[in-house]
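Enquirer: starting from these lines, generate the structure:
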Amino acid sequence: MTRTKYRAAMRLLIALSIFAILLLIYPVRSGITRPVIVLTVATILSLLLIVAWKRRLFRIGLVCALLASMTIVFLPGRVHDPNALRNAYIHSLLNYRNTRYVWGGENHFGIDCSGLIRAGMMDACFSEACRSANPALLRESLWLWWNDVAARDMPTGYDGRFVRIASIPSIREIDAATFQPGDVAVTADGSHVIAYAGQGDWIEADPTILRVIVLHPGNNSMWLGMPVTLLRWHALQASRLTP
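Expert: Numbering: from 1, shown residues only. Okay, the predicted model is just below:
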């Protein structure tokens, strides 16, 4: 590679890296955003190989890292611990407290009600995958990142990820002992979704307060008084994720 081509490649690499960072921190995801992120990252890795091709150790290290990453993703999955995943899920949800509400958002720079439910489980699966070295949980985290779902569509199952428990007149009218931490309640009109954090607390990305808040027992939030469909994550009650 000539010096001129090398400089051009480096400028493009820097520009793409900045673009990738902006894409990753931008909270709103759409049908086109995720493929663009994947394509941008793939292009960056390709440019790294081209730029550093003559540097043997760097080239070998990068190729080995890519092969190791792909191998980990495709290794057979193992039985996961639903209780450990549930604890990780609640911890992940609570980590989003005070995050600003952004319609369509799904990260710490902005999040909406369904984005909170998905992001919490995505983060939990990733952390548990790393802790227990379980590729099945890593694949689940990637699947959740790639596949969006609106609150109104959650009761249909989200490709088998949710189990429908019951339709109830309101959360206030049901004994808190009925709920399990991690349960999800979708309003009957499909406009909002909240998650049970345990000990009578519910967590939500509130579109009126415009941030993620915890609803404690006795809170007068309208969401606790509306008819809801109660759902449970399949991964929190099953002993195994599909390999």
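Enquirer: now the end-to-end length of stretch 71-88.
Expert: Using Cα to Cα, to the nearest Å, the end-to-end distance of stretch 71-88 comes out at 25 Å.
Enquirer: next SSE downstream of the helix or strand bottoming out on mean pLDDT in the chain?
Expert: Ranked by mean pLDDT, DSSP states H and E, the weakest helix or strand in the chain is helix 56-74, scoring a mean of 75. Once helix 56-74 ends, the next helix or strand along the chain (criterion: DSSP states H and E) is helix 82-94.
Enquirer: can you list the strands that the helix or strand that that following helix is followed by pairs with?
Expert: Using DSSP H and E, the helix or strand that follows helix 82-94 in sequence is strand 106-107. Using DSSP bridges, strand 106-107 pairs in its sheet with strand 110-111 (antiparallel).
Enquirer: ok, then the element right after the strand it pairs with?
Expert: helix 113-132.
Enquirer: that following helix packs against which elements?
Expert: Applying 3 or more Cβ pairs under 8 Å, 6 or more residues apart in numbering; DSSP states H and E, we find helix 113-132 packed against helix 82-94, strand 106-107, helix 135-146, strand 193-198, strand 201-206. All C-beta spots, glycine's among them, are computed from the backbone N, C-alpha and C.
Enquirer: any figure for the gap between Pro181 and Gln199?
Expert: 8 Å (Cβ to Cβ, to the nearest Å).
Enquirer: which of these two has more neighbours?
Expert: Pro181 (17 against 9; other Cβ atoms under 10 Å).
Enquirer: my read: the more buried one touches Asp201, true?
Expert: No: taking contacts as Cβ atoms under 8 Å, Pro181 lies outside contact range of Asp201: 9.2 Å.
Enquirer: mind listing what Tyr196 touches?
Expert: Phe179, Gln180, Pro181, Gly182, Asp183, Val184, Ala185, Trp202 (Cβ atoms under 8 Å, 6 or more residues apart in numbering).
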